[in-house]
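*Asks:* need a 3D model of the following:
(chains A and B)
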There are 2 protein chains.
Amino acid sequence: MLVVQKYGGTSVADVDRIRNVADRIGRTRAAGHDVVVVVSAMAGETNRLLALAKAAARTPDDRESDALVATGEQVTAALTALALQDTGVAARSFLGHQVRIETDSAHGKARITRIDIERLRDALGGGAVAVVAGFQGVDGQGSITTLGRGGSDTSAVALAAALGADVCEIYTDVDGVYSADPRIVADARKLREVSFEEMLELAASGARVLALRAVEYARNHGVKLHVRSSFKLDEGTSVMKEEEMLEQAIISGIAHDTSEARVTIHKVPDRPGVAARTFRPLADAGINIGEIFQNTSTAGLADISFTLPENELDRAEPIIDAFSREIGAEAFDCDREIAKVTVVGAGMKSNPGVAAAIFEALADAGINIEMISTSSIRVSGVIRATDAKRAVQVVHRRFGLGGEVLEGEG
Amino acid sequence: MLVVQKYGGTSVADVDRIRNVADRIGRTRAAGHDVVVVVSAMAGETNRLLALAKAAARTPDDRESDALVATGEQVTAALTALALQDTGVAARSFLGHQVRIETDSAHGKARITRIDIERLRDALGGGAVAVVAGFQGVDGQGSITTLGRGGSDTSAVALAAALGADVCEIYTDVDGVYSADPRIVADARKLREVSFEEMLELAASGARVLALRAVEYARNHGVKLHVRSSFKLDEGTSVMKEEEMLEQAIISGIAHDTSEARVTIHKVPDRPGVAARTFRPLADAGINIGEIFQNTSTAGLADISFTLPENELDRAEPIIDAFSREIGAEAFDCDREIAKVTVVGAGMKSNPGVAAAIFEALADAGINIEMISTSSIRVSGVIRATDAKRAVQVVHRRFGLGGEVLEGEG
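*Replies:* Numbers count the residues shown, from 1 in each chain, chains lettered A, B, ... in the order given. As a prediction, the model looks like this:
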């Protein structure tokens, strides 16, 4: 088997943990598999380097920032190769430009355009583990690029796709994807399997276990993911095509997100082009809009609501104020105290009444739903932030999601 | 003018100093010159990274160690480019593989085989300062290599040669080459000019201001060096061809070195091949011999002495013991308490009696000379380590080397 293993920042936080990771990789080698390892920077290192950049320049240039922060993964890759060699496992480190992983020139958020696998194949053919620095690539001019936060997940998935790996294992500090945040729901259950679509909805709704972009890449290229802990040998959660799953739960998991704020623009004249004029200035300012809610208009006037990261609100307000006046809206208001609770399940498609059951559970608990949005496998409700934990708990209980999963052998 | 400037570790020890360096580079740009900058790792960083390698593996692999420590210069190069941009000076960083600086595959002590200048020319042509990570290159397989300690000096000189630069400025924490170590000789004089040959002898004899290899490279390629302080605007010391020097002092400088030990092998049978059998095993063990002293033999038996780094002595002793027996020597002894004092001056060639004057000065001070070696521009004596400072002082005084040099405008 060819296995790609990705180890995140907390898994390689110091040399002791890197040696632990090396042992782990050695077990996979000893089981007879070829291994390509993708590593992140040691926890805290990327932020340390970004702070240096900020100290050197008030508005650090993207190209130079990329060259700077890419050293974080370079250090981990070399140390991991050294730790492997020290345990008697042949290993060789590779940087983005050595692999080579080509990207566009969008520094800080580059997209992979092409991956050479020849050098990795050579290393594997020679019996070595190939340790690749995650998060980084090289553009057409030979400049170092980085893929943005969570980029090492994307590096791992892209390499797995290019190599035709049997599985891409994502090692992290949690041991899988849970039916809800275990810190909130005591009997939250670790999912044995989840579909790409469910994982995408969960990742987009506040579950931080996997980077959204990496899940998209995996789905588009049919790369089977396995999310698991670098500190335990237990099986984690497999992310796979829906048709390959053994069983389909009606509801797989509940995610919640309290990091967003809500903006509502009141009494917007309901004319063609108004939505475009509303969201273009925010897009131009690089502000990522979460979800947009608009109901049918009354007397030619509509209310438009949307969510955005709370920490962008200060920057967004003057922009919103300007275009609200421009489009002739009556007023706008902002609310930082919201939470979004999202229920995801591929089985919803064939089970009518799931949304109703969710709403009933919340109503029974006296929790008001302020806004609703849905997709074929997702129901999201915006509620008061103070109700978030209780909302997750009551829905979790209503669908009987709790209980222990049977563990496979690690 | 095209100027290559190299800034060492203490000059870029933290972001404040890097900003100071950026100001300095900006002045050169403002004077209308094209500038290529070569930077070292921030002081202490290379040792920090090597310690990580030692923690990850008992005997760290050279290739991975190089990939690891090369991040030190990468960080400085990016930060320097950022600091330049912040002061309004266009700048672009380049790594060894981006320039590209090709080397052989001798990791940890690679030699430069070829330098492309196209990308640097493009950067300069576009009005930017090119900031190159020193100490590093790339081999034919695309692996990162490093040039060994002092390698950034070599990077700078090699780039200056490849670019046909008008001068290669070496910025350091001392403001030039002195007639003797100013910590020992209070009125030591900063040299305005020194020849490549003198600088080579001084560098080989304990003066740490420039890496020996960089001086050799500069001499071989006719690159004019200027050693100066990154903290002062004063002119430093120019290192140039002897025939281009304005004046030739009989004696330029006095160096001393207490880091070596002496080994003497007594009563070695004086036969062809004995010297080879003596020094081959040490060379094979990677132990660098300093100087070798052998006088004519008496009754077919010779004493052979040599110096070597004191910190290699423990490793060398069993090897010396083995070959001493093999070649039939009577015995050997080691002495850690020696110093070597070296007097260098291109004018010695045309001034008989310099060696005699040196010996007289030492004798007048009651300092015994245990071994002597000379070249056409150098006289070295091995003495007691406890006499070293006094020896430098009395010879300095004897030749009237003291006094202030007139400073040019910085």
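*Asks:* contacts and neighbour counts: CA atoms only from here.
*Replies:* OK.
*Asks:* you'd agree A:Glu64 is in a helix?
*Replies:* Yes - assessed with DSSP: H, G, I helix; E, B strand; the rest coil, A:Glu64 lies in a helix.
*Asks:* gap between it and chain B?
*Replies:* From A:Glu64 across to chain B, the span is 5 Å (Cα to the nearest Cα, to the nearest Å).
*Asks:* that residue and B:Ser93 touch, don't they?
*Replies:* Yes - if you go by Cα atoms under 8 Å, A:Glu64 and B:Ser93 touch, sitting 6.9 Å apart.
*Asks:* between those two, who's got more neighbours?
*Replies:* A count of neighbours by other Cα atoms under 10 Å in any protein chain shown puts B:Ser93 above the other of A:Glu64 and B:Ser93, at 31 against 28.
*Asks:* as a whole number, average confidence for the strand or helix carrying that one?
*Replies:* Using DSSP states H and E, B:Ser93 maps to strand B:91-94. The average pLDDT within strand B:91-94 is 98.
*Asks:* outside of it, which residues touch it?
*Replies:* Strand B:91-94 is contacted from outside by A:64, B:77-78, B:81-82, B:84-85, B:123, B:128-133, using Cα atoms under 8 Å, 6 or more residues apart in numbering or on different chains.
*Asks:* state the next helix or strand along the chain beyond it.
*Replies:* Next helix or strand after strand B:91-94 toward the C-terminus (DSSP H and E): helix B:96-99.
*Asks:* list the helices and strands the helix or strand that that next one is followed by packs on?
*Replies:* The helix or strand immediately downstream of helix B:96-99 is strand B:101-103, counting by DSSP H and E. Applying 3 or more Cα pairs under 8 Å, 6 or more residues apart in numbering or on different chains; DSSP states H and E, we find strand B:101-103 packed against strand B:112-115, strand B:136-138.
*Asks:* in the stretch 151-300 of chain A, which spans are strands?
*Replies:* A:167-172, A:193-195, A:225-229, A:237-240, A:253-257, A:260-269, A:292-294 (DSSP state E, counting those that start in this stretch).
*Asks:* tell me which of the ones you listed sits nearest to chain B.
*Replies:* strand A:167-172 (19.9 Å; Cα to the nearest Cα).
*Asks:* still on that earlier bit, now, which of the contacts of strand B:91-94 lie within strands?
*Replies:* Using DSSP state E, the subset of the contacts of strand B:91-94 located in strands is B:129-133.
*Asks:* tell me the pLDDT of the closest residue to A:Gly345 other than its chain neighbours.
*Replies:* Spatial nearest neighbour of A:Gly345, excluding adjacent residues (Cα to Cα, 6 or more residues apart in numbering or on different chains): A:Ile251 at 3.9 Å. On pLDDT, A:Ile251 comes in at 90.
*Asks:* so A:Ile251 makes contact with A:Val343?
*Replies:* Yes - at 7.1 Å, A:Ile251 counts as touching A:Val343 under the criterion of Cα under 8 Å.
*Asks:* the more surrounded of these two?
*Replies:* A:Val343 (29 against 21).
*Asks:* wait, that one sits on A:Ser376?
*Replies:* No - counting by Cα under 8 Å, A:Val343 does not reach A:Ser376; the two are 11.2 Å apart.
*Asks:* before we move on, the earlier item: which of the contacts of strand B:91-94 lies closest to B:Leu68?
*Replies:* Nearest to B:Leu68 among the contacts of strand B:91-94, counting by Cα to Cα, is B:Ala133 at 13.8 Å.
*Asks:* what is the burial count for that closest one?
*Replies:* B:Ala133 has 32 nearby residues by other Cα under 10 Å.
*Asks:* same question, A:Gly148
*Replies:* As a burial measure, A:Gly148 scores 17 neighbours (other Cα under 10 Å).
*Asks:* same question, the one 3 residues further on
*Replies:* Using other Cα under 10 Å, A:Gly151 is surrounded by 22 other residues.
*Asks:* for A:Ala283, same thing?
*Replies:* By other Cα under 10 Å, neighbour count at A:Ala283 equals 11.
*Asks:* and A:Glu198, by the same measure?
*Replies:* Neighbours of A:Glu198 (other Cα under 10 Å): 22.
*Asks:* could you do A:Gly32 as well?
*Replies:* The burial count for A:Gly32: 11, using other Cα under 10 Å.
*Asks:* please name the nearest non-neighbouring residue to it.
*Replies:* A:Met1 (7.7 Å).
*Asks:* in terms of pLDDT, where does the one you found sit?
*Replies:* For A:Met1, the predicted pLDDT is 95.
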